[in-house]
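Trainee: 3D, please:
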Amino acid sequence: DDPDGLQPLFLFFFVALHTVHAVSVMGLPTTCLLVLLVLLVGGASWGGVVHAQRRQIHGVSLGRNLKRSLVLPARYEDGEDFVLDGGIAKKVGEYYVELTVGTPGQTFRMTVDTGSSTTALPSISCQNCDSHSTPYDPGQSSSEAILSCSESRCSVCRGDDRCLFEVAYGDGSGIEGYLVEENARLGDLDVRFVFGAISSLRGDRPWQDNEVDGILGIAYPVLNCNPTCTQPLFEELVATGHVDNVFSMTLTDSDGVLTLGGADPDLYQTDYAGCPDTGEPGVCFTPITRELYYDVAMWDLRVENQSVVNPSDFSRTIIDSGTNRILFPQTVFDKFKHYMQDNFCHLKGICGVYSFFESYSYDLTPEEIHAYPTLDFMLDGLFIPLRPEYYLIPVPPQRREGEQQKTMLSIMTMASIQNTILGSPFMRAYYVIHDRMNQRIGFACTKGDTACGLTTGPKAPESDAPFWNGVRILAITLGAGCLLMLSVFFIAKRRQQQHPPVPPVNYIRMEEAGVLPPVDVSV
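Mentor: Below is the predicted model of the structure:
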């Protein structure tokens, strides 16, 4: 066994030494040998990293396991609860919390987004911002401190001596403005932090409805570089000792609760028996595989216990409250669609030109919804059933008075998305704990859910694909480097044959021939 991923290092160093020796026999220039050696050593190091990633792609490293055993709490603190409004059953489509900013305070409705770390709200200078609240005016706050270009923490200047704030989104939209340090209050928690004051929008606004003013991101701080890196609001709350480095969410169709600093046992079934020996009663955990977004390892999708995909079809899987859909890569979506149409074509909305899979909606009765199959999401160490009442969602109310509520499929794909994103339709089926102290995500059954099938499951199978892809890339790189060096060598050899060098002058022979006077060495 090779727990540290060192086998590729030894292998490539061995190959490097023998290759350098073999090529030196051919007479390659010293510079070429050095270049080849750099390529081989770099490849060795990179190959070791790829190998280590292969061993960790569905889990966490040994260091993290040790850390988990050191900081694992006997029980989460209850934390601070904040009511969320909005939800998929309303036109808003997202979940927001109220944040008070400035002195005197001004309250804004902020989308809670676990898929970003940015906090941004419209400023008084924004001409195309459609805000529910009065835009933020730094001139009316006695506690504001606009970040200037002269400050060392500012990376890029706007041109008006204000530090640039800019975020671009995958659909071409974006926000731009300047950074402000300001006092804020979230419930009873007071904090001072840096946020983006928006002065212009590009394309569609990143939050969907004018019921919401801005966005409050609570992913990892590495995402909060826009381009200047600042501490997100949640990091400031943790750093100042207001809360522990844990937060939890429970979502319904029309509201929810955000718990900062712990988990609220009144909101989930602590006596649930499907998650034994996890250290937290009633909670099943899966590791966070990367501290960027809330990445987890998904390795299978099953329909009524029948696998419809391959583990290699998944790359990254992200838990994201700011996405109101379940997004699959095109390959996974196509396999899921074909399986459903091959086996459940008798259900309304599955087959035909105007199916759910083409983004059409249907009038479905509760009985028709319950006839749909349960989907099983296999995460690393977790078996998470998703019943049809969660992945079939109500269409936001944009209908005439008296028109029946329509239903749509929350599962879709996008050409620009290569990852799996488990958004709010997935999250609202469970109480979700983001345990950043121990790099893990916890799922628990919500209160009153008598049909919860959550349980611990098998570990994700180890994938060799990243390793062998790395080997292929490394082989191509080394091959191209060797061909280039051989080409340079043979070109240089040919030029040497066409223009032979002038033989060096032998001073001793010239002296013996009488061409040069003898050297007088007498005293």
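Trainee: ok, the residue lying closest to residue 168 once chain neighbours are set aside - how many residues close by?
Mentor: Setting aside the residues directly before and after it, residue 168 is nearest to residue 174 in space (Cβ to Cβ, 6 or more residues apart in numbering), at 4.3 Å. Every C-beta, even on glycine, is put in place using the N, C-alpha and C of the backbone. Per other Cβ atoms under 10 Å, the neighbour tally for residue 174 reads 16.
Trainee: now do residue 480
Mentor: Residue crowding around residue 480 was assessed by other Cβ under 10 Å; the count is 11.
Trainee: still on that earlier bit, check the gap between the residue nearest to residue 168 and residue 220 for me.
Mentor: Taking Cβ to Cβ, to the nearest Å as the measure, residue 174 falls 21 Å from residue 220.
Trainee: and the residue nearest to residue 168, what are its bridge partners?
Mentor: According to DSSP bridges, the residues that bridge with residue 174 are residue 168, residue 202.
Trainee: with residue 441 instead?
Mentor: In this structure, residue 441 has beta-bridge partners residue 286, residue 434, where bridges are defined by DSSP bridges.
Trainee: distance check, it against residue 248.
Mentor: 10 Å.
Trainee: what's the answer for residue 315, then?
Mentor: Counting by Cβ to Cβ, the separation of residue 315 from residue 248 is 27 Å.
Trainee: same thing with residue 355?
Mentor: With distances taken as Cβ to Cβ, residue 355 is found 36 Å from residue 248.
Trainee: more neighbours: which of those two?
Mentor: Regarding residue 355 and residue 248, a neighbour count based on other Cβ under 10 Å identifies residue 248 as having more, with 25 against 18.
Trainee: thought that one was touching residue 431?
Mentor: Yes - with contact taken as Cβ atoms under 8 Å, residue 248 and residue 431 are classed as touching, separated by 6.5 Å.
Trainee: now do the shared contacts for the two.
Mentor: When Cβ atoms under 8 Å, 6 or more residues apart in numbering defines a contact, the residues bordering residue 248 and residue 431 alike are 263, 267.
Trainee: tell me the secondary structure at residue 449.
Mentor: Classification of residue 449 by DSSP: H, G, I helix; E, B strand; the rest coil places it in coil.
Trainee: typo on my end, residue 332
Mentor: Using three-state DSSP, the secondary structure recorded for residue 332 is helix.
Trainee: tell me where the stretch 301-450 of the chain has helices.
Mentor: Remark: helices assigned in the stretch 301-450 of the chain by DSSP state H, counting those that start in this stretch are 330-343, 366-370, 388-391, 424-427.
Trainee: contacting residues around the residue nearest to residue 168?
Mentor: With contacts defined as Cβ under 8 Å, 6+ apart, the neighbours of residue 174 are 166-168, 201-203, 206.
Trainee: nearest to residue 255, of the helices of the stretch 301-450 of the chain?
Mentor: Within those, the stretch nearest residue 255 is helix 424-427; the backing value is 11.9 Å (Cβ to Cβ).
Trainee: look at residue 263 and report its pLDDT.
Mentor: We note a pLDDT of 94 for residue 263 in this prediction.
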